[in-house]
Structure formats: structure tokens, C-alpha cells
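Student: sequence first, predicted model second:
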Amino acid sequence: MPMQPICSCCQPAPEVTVTDDAGRRWTFEMHRMFGPLVLRADGQPRERQPGTRSAFWPAFEAWRAQHRPT
């Protein structure tokens, strides 16, 4: 029997891809407790996450607005 995560924060995070206004695609995992973790092309976390002025954030906010629970 496979091991089960101890808590919900340990569940696998879904991968999401968004596109910014310049057409760049960003893939990230959306963690319930920790928020987005931007990934490299090979699926591993980027060493440097986007800064506060990155084009990633408006694209992420647009995605989040569409996926908020009602």
C-alpha cells in the first residue's frame, strides 16, 4: 500500500500554465498553503522565482481570479 501524505499541504500540487501579455508562457505549481512555484521547462522549480515586477504576476492574478472558489 503506498504511503499517504500526512497533511493536505503535502498533496501534489497541480501544474498550471499561463501566458503573459507579451506571449511568454509560465508554468507553475499552485500550492494551497504556499502559493505558486514557477517551474523550469524540465518541471523542476526555478532557482530564482519571479520578482515583484515580473510579467508573471498579472498573468497569475488573472488566472487566480478565474479560479477562485465561489
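Tutor: Great, that's in hand.

Student: other SSEs contacting the longest strand belonging to the chain?
Tutor: Assignment by DSSP state E gives strand 25-31 as the longest strand of the chain. Judged by 3 or more C-beta pairs under 8 Å, 6 or more residues apart in numbering; DSSP states H and E, strand 25-31 is in contact with strand 15-19, strand 35-38, helix 56-66. From N, CA and C alone the C-beta is placed, and that goes for glycine too.

Student: next, format those as JSON lines and append mean neighbour count and mean pLDDT.
Tutor: Shown next, in JSON lines, are the helices and strands packed on strand 25-31 (neighbours: other C-beta atoms under 10 Å; pLDDT from 0 to 100):
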{"stretch": "strand 15-19", "mean neighbour count": "14", "mean pLDDT": "95"}
{"stretch": "strand 35-38", "mean neighbour count": "16", "mean pLDDT": "94"}
{"stretch": "helix 56-66", "mean neighbour count": "14", "mean pLDDT": "97"}
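
Student: looking at the ones you listed, spot the one closest to Arg48.
Tutor: Closest approach to Arg48 among the helices and strands packed on strand 25-31 (C-beta to C-beta): strand 35-38, 9.0 Å.

Student: who does that closest one pair up with?
Tutor: For strand 35-38, the pairing partners within the sheet under DSSP bridges are strand 25-31 (antiparallel).

Student: residues in contact with the strand it pairs with: which ones?
Tutor: Strand 25-31 is contacted by residues 9, 13-20, 36-39, 43, 45, 50, 56, 59-60 when judged by C-beta atoms under 8 Å, 6 or more residues apart in numbering.
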